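[1] Sequence below, structure please.
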Amino acid sequence: MMQSKYFRTCLGIIALLLIIYLGTKISFLFNPIVSIFKILLVPIAAAGFFYYLLRPIVDYLERRKIKRPLGVLMIYFVFIGLFAIFFLLVWPTLREQIENFIKNAPNLVDDLQSQVNLLSENPFWGRFMPSESELYNGFMEYVNNAMTWISNSISNLITVVSSVVVVIATVPIILYYMLKESGKLPSRLLSIIPRKYRKDGQDVISDIDNALSNFIIGKVVLNLILSALMYIGFLIIGLPYSLLLTLISFVLNFIPYVGALLAAIPVVIVGFIESPSIAIWSVVVIVIAQQIQDNILTPVIYGKQLDIHPLTTIILLLVGGDFYGILGVLLAIPAYMVIKIVVTRVYELFLAEKVEDA
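    Okay, the predicted model is just below:
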């Protein structure tokens, strides 16, 4: 009996590997599907992100006897007003800081080198990194490359945003129908599941929906509060490009764990160019803001809902980044949460009893 089961398992593995091998030989048939997937991934992911942010508002308006299509349109008009306020009040300052940063990037490197030279001449700091040493030259080369990368990234971001206007324009359309028909999607998904598993399918869809909703809303709220704290602190200490650096930090902090470190690097570099004391105060502001987020805000907003080990998070970020760059990094945690819920329920349905009996 055991030999027969072992033989069938081996045959199944061989058949699966054979299917995969044959699939690689006709990969040209799947290229159009892959291309469509790549085109749709960004707008659907963006629409899904805003869907979970706006759905509670639409649900609230519906409970107030406002039909969903009208509620969605009302929210759109509010967002148009907020964007108008942003472009009138915030964008001029942000655009000026972006233009000045790009224009002054070469001078910033020279100013940074001057600051490092002053430190190397200091009797205390000079012992750790003397001028013209290998460590000094390596550090300056790294900083030069980092400043060039930051400047090019900001320029490329503006170019990319300008070149994908058509893709960005599709997000509100997709989002409208997602919000308008959000109650119909679960039933359509359940219709393709065998009838005897629909109750379990309903539970899985509900768990996935709750997990994604809590994660996305919580992350946005945390990042908004964290960015507000950092911006106030940057203004107090007189950090240059404070609004631009806060915006960069807001985006990078969506990446768990390493995002905070990545966000701190440009802040500290710009602060150090201004003066070493500003760099130290920048670190103090970031640490205080992060401590408030981690020890006060995160337990209140998430509780124990986000139960993912830090090592698992790092592995997910590495795998997601390797597969799909920055978008893969941002989607790694939500994708893991969905897969974990589905795999756990499938295991409980089909494998748990067999494992216990064995």
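
[2] Once you drop chain neighbours, what's closest to Ser206?
    Pro186 (7.9 Å; CB to CB, 6 or more residues apart in numbering). For the C-beta atoms, the positions are set from N, CA and C on the backbone; glycine is no exception.

[3] next one: the helix or strand that neighbour falls within to chain centre, how far?
    For Pro186, the element it lies in under DSSP states H and E is helix 185-190. Mean-position distance between helix 185-190 and its chain equals 27 Å (CA atoms, centre = their mean, to the nearest Å).

[4] What pLDDT is listed against Leu118?
    Leu118 is assigned 63 on the pLDDT scale.

[5] again with the one 10 residues further on
    pLDDT for Phe128: 50.

[6] Going by contacts, tell me the helices and strands next to the next helix or strand after the helix holding Pro186.
    Downstream of helix 185-190, the next assigned helix or strand under DSSP H and E is helix 198-237. In terms of contacts (3 or more CB pairs under 8 Å, 6 or more residues apart in numbering; DSSP states H and E), helix 198-237 is packed against helix 31-63, helix 185-190, helix 242-252, helix 276-292, helix 298-301, helix 310-346.

[7] want to try JSON lines for those helices, with mean pLDDT as columns?
    Output for these, formatted as JSON lines (pLDDT from 0 to 100):
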{"stretch": "helix 31-63", "mean pLDDT": "82"}
{"stretch": "helix 185-190", "mean pLDDT": "76"}
{"stretch": "helix 242-252", "mean pLDDT": "87"}
{"stretch": "helix 276-292", "mean pLDDT": "88"}
{"stretch": "helix 298-301", "mean pLDDT": "70"}
{"stretch": "helix 310-346", "mean pLDDT": "80"}
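
[8] Identify the residues contacting Asn100.
    Residues in contact with Asn100 (CB atoms under 8 Å, 6 or more residues apart in numbering) are Tyr241.

[9] and the gap between it and Leu18?
    Distance of Asn100 to Leu18, given as CB to CB, to the nearest Å: 60 Å.

[10] ditto for Gln202
    36 Å.

[11] Settle it for me: which of those two has more neighbours?
    Gln202 (15 against 10; other CB atoms under 10 Å).

[12] Now do the same contact list for that one.
    Remark: with contacts taken as CB under 8 Å, 6+ apart, Gln202 is in contact with Pro186, Leu190.

[13] swap the cut-off to 7 Å and go again
    Gln202 makes contacts with Leu190, as judged by CB atoms under 7 Å, 6 or more residues apart in numbering.

[14] how near is it to Pro186?
    In terms of CB to CB, Gln202 sits 7 Å off from Pro186.

[15] Pro69 now?
    Per CB to CB, Pro69 is found 19 Å from Pro186.

[16] what does Ile33 give?
    From Ile33 to Pro186 the distance is 25 Å (CB to CB).

[17] try Arg345
    15 Å.

[18] cool, Ile273 as well?
    Separation of Ile273 from Pro186 (CB to CB): 53 Å.

[19] more crowded one of those two?
    Higher neighbour count among Ile273 and Pro186: Ile273, with 24 against 15, using other CB under 10 Å.

[20] Tell me the buried residues in the helix or strand that contains that one?
    Using DSSP H and E, Ile273 sits within helix 258-274. Within helix 258-274, the residues that qualify as buried are Gly259, Ala260, Ala263, Ala264, Pro266, Val267, Ile269, Val270, Gly271, Phe272, Ile273, Glu274, counting by 16 or more other CB atoms under 10 Å.

[21] for stretch 327-343, same thing?
    Those would be Gly328, Val329, Leu330, Leu331, Ala332, Ile333, Pro334, Tyr336, Met337, Lys340, Ile341, for stretch 327-343 by 16+ other CB under 10 Å.
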